[in-house]
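**Student:** Next input, structure requested:
(one chain, ligands or ions: 2)
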Amino acid sequence: MIKAGVVGGTGYTGVELLRLLAQHPQVELAAITSRAEAGTRVADMFPSLRRRVDLCFSDPASARLDECDVVFFATPNGIAMQQAPALLDAGVRVIDLAADYRITDIAEWEKWYGMRHASPECVERAVYGLPEINRAAIAGARLVANPGCYPTAVQLGLAPLVEAGVVELGSLIADAKSGVSGAGRKAEVSSLFAEASDNFKAYGVAGHRHLPEIRQGLSRLAQKPVGLTFVPHLTPLIRGIHATLYARVAREADFQALFEQRYAGEAFVDVLPPGSHPETRSVRAANLCRIAVHRPQGGDTLVVLSVIDNLVKGAAGQAVQNMNIMFGLPETDSLWQLPVLP
Ligand SMILES: NC(=O)C1=CN([C@@H]2O[C@H](COP(=O)(O)OP(=O)(O)OC[C@H]3O[C@@H](n4cnc5c(N)ncnc54)[C@H](OP(=O)(O)O)[C@@H]3O)[C@@H](O)[C@H]2O)C=CC1
Ligand SMILES: CC(=O)N[C@@H](CCC(=O)OP(=O)(O)O)C(=O)O
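**Tutor:** Ligands and ions are numbered 1, 2, ... in the order given. Just a heads-up that it's a prediction; the model follows:
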């Protein structure tokens, strides 16, 4: 059995990791940390885990994370970068759900994240954990940078077009909407029911920290810099991201066939039939990205619709998918559940 540790087990991505790891056939949960809840039984805090998780939260400073085979950091940005080097030295594999190792240009990362990087020497050896694009490198990785939620939906939606060189690369547009769980479980005025429900707004229009991450990923695929306008929105859902992506045609192709061929054999990307409108509820609680390709009125602009559950394919599910790949397990282990309706 793989001994897994979760740092940040009381957050939304942390508890989603616990849900998935507790039902994983090859995993034993060995340590779950929380500074605020150290000593509390996990199942007392999260009754959904009663009879399945029999551990107490431990303080991250004293938890025996170095005895784990893999440690997931479901913590705010800036935490994993302090603790990952020692764990890697101890032979532990690390999967960071935050952004510490996602951007290879350290100065760029420091600019967007507003802090000094504590372990820049590890950035180079980190593998960006988007399996549908980077599977072979993930298989040999000791340190995986799990992608952000918006970057997952946007990159999976645009990758086939960018790789094939069939769209103009200077004018991509990603108009994305996220549920409130994307902001995490910490108390914040903008996440209050009276603020976030019955309301809809854009934010970060001048520049969101996922912009450099998406640009980096798409530029790697294009092998040249891409231009992207990215506008995130907060929508009164709990879970879910819906990205509407716009790209101008540069070269004619059968775009539906392009997407179907690109993702043929992928367990976690579903290319819908022509004319479809994927809904966030069709991926709720599932490790799945559903995509539809449109070309309105046969014009020169393609519209790609991409939906994920931000906590699953956008975070914890993708992290478990990466773990499965790193340990040579079937990629679908513990990730094959159907979405939850309604
Ligand atoms: N929510 C989402 O949809 C997505 C989130 N992410 C990223 O995943 C990470 C976790 O997000 P989310 O679960 O939403 O966050 P939450 O705010 O819900 O949870 C954060 C967790 O980290 C712990 N924590 C906070 N500070 C520290 C610290 N200094 N040392 C150790 N543990 C700490 C908290 O527990 P305690 O304070 O008790 O220790 C808590 O368990 C973030 O980096 C986020 O950006 C990525 C993709 C999607
Ligand atoms: C709705 C909402 O607030 N979403 C978050 C994105 C969550 C995420 O994936 O952030 P990381 O890159 O830090 O992992 C935001 O826009 O900040």
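
**Student:** Quick check: closest non-adjacent residue to the residue in the stretch 1-150 of the chain that ligand 1 sits nearest to.
**Tutor:** Minimum separation of the stretch 1-150 of the chain from ligand 1 (Cβ to the nearest ligand atom) falls at Gly11, amounting to 1.9 Å. Where C-beta positions appear, they are placed from N, C-alpha and C, glycine not excepted. Nearest in space to Gly11, with sequence neighbours left out and distances taken as Cβ to Cβ, 6 or more residues apart in numbering, is Arg185 at 5.0 Å.

**Student:** where exactly do the strands run in the stretch 101-250 of the chain?
**Tutor:** Assigned strands in the stretch 101-250 of the chain, in chain order: 127-128, 143-145, 172-178, 201-202, 228-234, 241-248 (criterion: DSSP state E, counting those that start in this stretch).

**Student:** Each with direction, which strands does the first one pair with?
**Tutor:** Using DSSP bridges, strand 127-128 pairs in its sheet with strand 143-145 (parallel).

**Student:** So the partner strand, near ligand 1 or not?
**Tutor:** No. Strand 143-145 lies out of reach of ligand 1 by Cβ under 6 Å from any ligand atom, never closer than 10.8 Å.

**Student:** how about the residues of the chain near ligand 1?
**Tutor:** Taking Cβ under 6 Å from any ligand atom as the criterion, the chain approaches ligand 1 at residues 7-14, 34-37, 60, 74-77, 79, 97-98, 148-149, 181-182, 184-186, 310-311, 314-315.

**Student:** burial measure for Ala202, as a count.
**Tutor:** For Ala202, the count of nearby residues is 12 (other Cβ atoms under 10 Å).

**Student:** Pretty sure it sits against Val231.
**Tutor:** Yes. Taking Cβ atoms under 8 Å as the definition, Ala202 is a contact partner of Val231 at 5.5 Å.

**Student:** related to what we said a few turns ago, among the residues of the chain next to ligand 1, name the ones in strands.
**Tutor:** By the criterion of DSSP state E, membership of those in strands covers Val7.

**Student:** got CSV for the strands of the stretch 101-250 of the chain, with mean pLDDT too?
**Tutor:** As requested, the strands of the stretch 101-250 of the chain are exported to CSV (pLDDT from 0 to 100):
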stretch, mean pLDDT
strand 127-128, 98
strand 143-145, 98
strand 172-178, 98
strand 201-202, 98
strand 228-234, 98
strand 241-248, 98
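
**Student:** out of those, deepest packed?
**Tutor:** Here the criterion is mean neighbour count by mean count of other Cβ atoms under 10 Å, and of the strands of the stretch 101-250 of the chain the winner is strand 143-145, at a mean of 27.

**Student:** Now do that one: distance to the chain's middle.
**Tutor:** Distance, stretch centre to chain centre, for strand 143-145: 12 Å (Cα atoms, centre = their mean, to the nearest Å).

**Student:** Likewise for stretch 281-299?
**Tutor:** Relative to its chain's centre, stretch 281-299 lies at 17 Å (Cα atoms, centre = their mean).

**Student:** again, but for stretch 104-111
**Tutor:** With Cα atoms, centre = their mean, you get 20 Å for stretch 104-111.

**Student:** Surely Val144 touches Pro131?
**Tutor:** No. At 9.8 Å, Val144 and Pro131 do not qualify as touching, with contact defined as Cβ under 8 Å.

**Student:** Find the residues that touch each one of the two.
**Tutor:** Common contacts of Val144 and Pro131 (Cβ atoms under 8 Å, 6 or more residues apart in numbering): 138, 322.

**Student:** picking that back up, in ChimeraX, how would I select just the buried ones from the residues of the chain next to ligand 1?
**Tutor:** With 16 or more other Cβ atoms under 10 Å as the burial test, the buried ones among the residues of the chain next to ligand 1 are selected in ChimeraX as follows:
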select :7,8,9,10,11,12,13,14,34,37,60,74,75,77,79,97,98,148,149,181,182,184,310,311,314,315
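
**Student:** Buried residues of the worst-scoring helix or strand of the chain on mean pLDDT, list them for me.
**Tutor:** Ranked by mean pLDDT, DSSP states H and E, the weakest helix or strand in the chain is helix 193-196, scoring a mean of 95. Residues of helix 193-196 classed as buried by neighbour count (16+ other Cβ under 10 Å): Ala196.

**Student:** so how far is it from its chain's centroid?
**Tutor:** For helix 193-196, the distance between its averaged C-alpha position and the chain's averaged C-alpha position is 25 Å (Cα atoms, centre = their mean).
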